[in-house]
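# What follows is a predicted structure for the sequence shown.
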Amino acid sequence: MTSVSRREARLPLDPSLLFRTLDPGDVVTASKRSAGRSIEHLVRRFSVVATDREVRNAYRARSHLRALRRINPDLQVLGVADQGGSTFVHAADEVITPLLLSRGHFQRNDFQRGWELAQRVAPRPGARTFVDVGANVGTTTVYAARTGDFARLVSVEPSPDNLRVLHLNVHANDLTDMVTVVESACGGERGTVELLESTVSAGDHRVRRTGEIPASHHATVQVPLTPLDAILSDAEVDPSDVAMVWVDTQGHEPAVLAGGDDVVASGAPFLVEFWPEEYAMSGTLDDYLVDLGERFRGYIDLRGSSDVEQHPDSLRSLADGLLSEHHGQTDLLLLPAS
């Protein structure tokens with residue numbers, strides 16, 4: 001098994017920088033601020049629709065975090081007790097961390113629903129590997145490991161800052177023998193790419209695809225680029241052993257699938273973020289829809305409560321509907337043709 005690199009040695013493990021639980025009674029309440037839209041957008045794209053109370057709790061957690069960072073400007077990482085283990089997140093993250101603190105998890109329900117559906121409609125008997133592309137700090141990797149359904153996990157993440165916390169999560173949850181961390185972006189060929197770093201959330205870092213840098217992002221960092229098939233080959237994972245591939249790469253999904261011919265052909269189901277606005281801006285939407293129609297027999301839209309399989313021909317209608325929404329996104333379970 002490929003060993004996990006010891007990047008953790010450089011983590012800020014001073015206990016004064018780790019805040020284990022966020023109890024509003026122990027935190028100075030920040031002054032009320034106007035609620036930004038980023039949390040609400042992300043909450044409301046979850047497959048289980050968030051209640052207004054959950055949105056308010058996320059705003060409240062964000063205010064507490066800001067107050068906590070004012071008290072301790074050196075705070076970098078928070079450790080949150082979760083299902084008998086710990087989940088570590090960036091203290092400065094304005095989206096993922098408030099949601100995790102307010103709900104006790106981040107997209108765990110999305111993963112669980114997607115995995116349960118994949119086992120039912122695209123079973124892979126004997127396949128025991130989970131692949132997490134765009135792993136961020138490793139929350140989905142940890143949730144997948146805790147199911148007990150996987151013997152091996154491959155966690156792919158290009159951001160140096162996210163990798164530091166990802167490695168910490170792997171160690172804190174005793175997953176070093178199961179998880180192979182790949183420090184790379186995923187694309188159609190080997191090389192390097194520019195990664196745009198978000199000023200708001202570590203979950204919104206993205207591969208630079210156009211000349212402009214969005215106002216929500218700042219300086220870029222050069223990161224390796226590796227095709228998905230090459231990542232699995234380097235990690236000594238046979239495509240036939242892949243039970244599911246989770247892809248959340250902020251609009252870079254077409255390039256990820258372009259580098260995964262072998263694992264797609266092997267019959268592995270993919271759970272992917274679907275964000276037509278980003279694809280249209282980068283000029284990949286039309287080709288991506290054709291590609292999905294040729295390589296998968298159908299899909300299930302996880303945004304709603306229906307588990308009915310849809311034919312790929314309806315992806316155009318779905319994309320048009322999402323394009324009419326502000327930041328319209330969903331998650332799709334792509335069902336293999338074979």
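Noted; the coordinates are in hand.
# tell me the contacts of Asp313?
With contacts defined as CB atoms under 8 Å, 6 or more residues apart in numbering, the neighbours of Asp313 are Gly293. Where you see a C-beta, it was placed from the backbone N, CA and C, and this is true even at glycine.
# Now do it against Ala135, distance only.
Taking CB to CB, to the nearest Å as the measure, Asp313 falls 32 Å from Ala135.
# repeat for Arg62
For Arg62, the distance to Ala135 (CB to CB) stands at 23 Å.
# okay, and for the chain, where does confidence drop off?
Low-confidence regions of the chain, defined here as pLDDT under 70, cover residues 1-55, 58, 84, 199-203, 210-217, 219.
# all helices of it, in order?
Here the chain has its helices, by DSSP state H, at 38-44, 52-71, 96-103, 108-121, 139-146, 160-172, 228-234, 253-258, 261-265, 276-282, 285-295, 315-323.
# Would you mind pulling up the elements that the fourth one packs against?
Using 3 or more CB pairs under 8 Å, 6 or more residues apart in numbering; DSSP states H and E as the contact criterion, the neighbours of helix 108-121 among helices and strands are helix 139-146, strand 242-247, strand 270-274, strand 330-336.
# same thing but at 6 Å, please
Taking 3 or more CB pairs under 6 Å, 6 or more residues apart in numbering; DSSP states H and E as contact, the helices and strands that helix 108-121 lies on are helix 139-146.
# neighbouring contacts of the helix it packs on?
Taking CB atoms under 6 Å, 6 or more residues apart in numbering as the criterion, the residues outside helix 139-146 that touch it are 106, 108, 111, 130, 132, 135, 150, 153, 155, 169, 173, 175, 178, 246.
# ditto for stretch 182-195
Counting contacts by CB under 6 Å, 6+ apart, the residues outside stretch 182-195 that touch it are 133, 156, 158, 163, 205, 207-208, 220-226, 228, 231, 255-256, 258-259.
# And for the nearest residue in space to Gly126 that is not next to it in sequence, the neighbour number?
Excluding its sequence neighbours, the residue lying closest to Gly126 (CB to CB, 6 or more residues apart in numbering) is Asp241, at 7.7 Å. A count of neighbours around Asp241, defined by other CB atoms under 10 Å, yields 18.
# hang on, the earlier thing: buried ones among the contacts of stretch 182-195?
Restricting the contacts of stretch 182-195 to buried positions leaves 133, 156, 158, 163, 205, 207-208, 223, 225-226, 228, 231, 255-256, 258-259, with burial counted as 16 or more other CB atoms under 10 Å.
# Among the residues you listed, list the two that are farthest apart in space.
The largest distance within the buried ones among the contacts of stretch 182-195, taken as CB to CB, falls between Leu163 and Ala258 and amounts to 23.6 Å.
# on that earlier part again, okay, Arg62 and Ala135: which has more neighbours?
The neighbour count for Arg62 versus Ala135, taken as other CB under 10 Å, is higher for Ala135 (28 against 24).
# so the more buried one makes contact with Val154?
No - contact status for Ala135 versus Val154: not in contact, 9.1 Å apart, counting by CB atoms under 6 Å.
# what residues are up against Thr220?
194, 196, 208 are the contacts of Thr220 under CB under 6 Å, 6+ apart.
# quick one: it from Leu315, how far?
Separation of Thr220 from Leu315 (CB to CB) stands at 31 Å.
# What of Ser102?
33 Å.
# How many neighbouring residues does the residue lying closest to Arg295 once chain neighbours are set aside have?
Using CB to CB, 6+ apart and skipping the chain neighbours, the partner closest in space to Arg295 is Val264 (5.4 Å). The number of residues packed around Val264, counting by other CB under 10 Å, is 25.
# on that earlier part again, ok, and the most crowded of the contacts of helix 139-146?
Most surrounded of the contacts of helix 139-146: other CB under 10 Å gives Ser155, at 31 neighbours.
# Can you name the residues that contact that residue?
Applying CB under 6 Å, 6+ apart, we find Ser155 in contact with 132, 135, 138, 141, 179, 181.
# could those be laid out in JSON lines, adding distance to Pro276?
Listed next are the contacts of Ser155 as JSON lines, based on distance: CB to CB, whole Å:
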{"residue": "Asp132", "distance to Pro276": "23"}
{"residue": "Ala135", "distance to Pro276": "23"}
{"residue": "Gly138", "distance to Pro276": "28"}
{"residue": "Thr141", "distance to Pro276": "27"}
{"residue": "Val179", "distance to Pro276": "32"}
{"residue": "Val181", "distance to Pro276": "30"}
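# Out of those, which comes closest to Val290?
Checking the contacts of Ser155 against Val290 by CB to CB gives Asp132 as the nearest, at 26.5 Å.
# I'd guessed that closest one sits against Met244; true?
No - in terms of CB under 6 Å, Asp132 does not count as a neighbour of Met244; the distance is 9.5 Å.
# Any idea how many residues pack against the residue lying closest to Pro312 once chain neighbours are set aside?
Among residues not flanking Pro312 along the chain, Gly293 sits closest, at 3.7 Å (CB to CB, 6+ apart). Residues lying near Gly293 (other CB under 10 Å) number 17.
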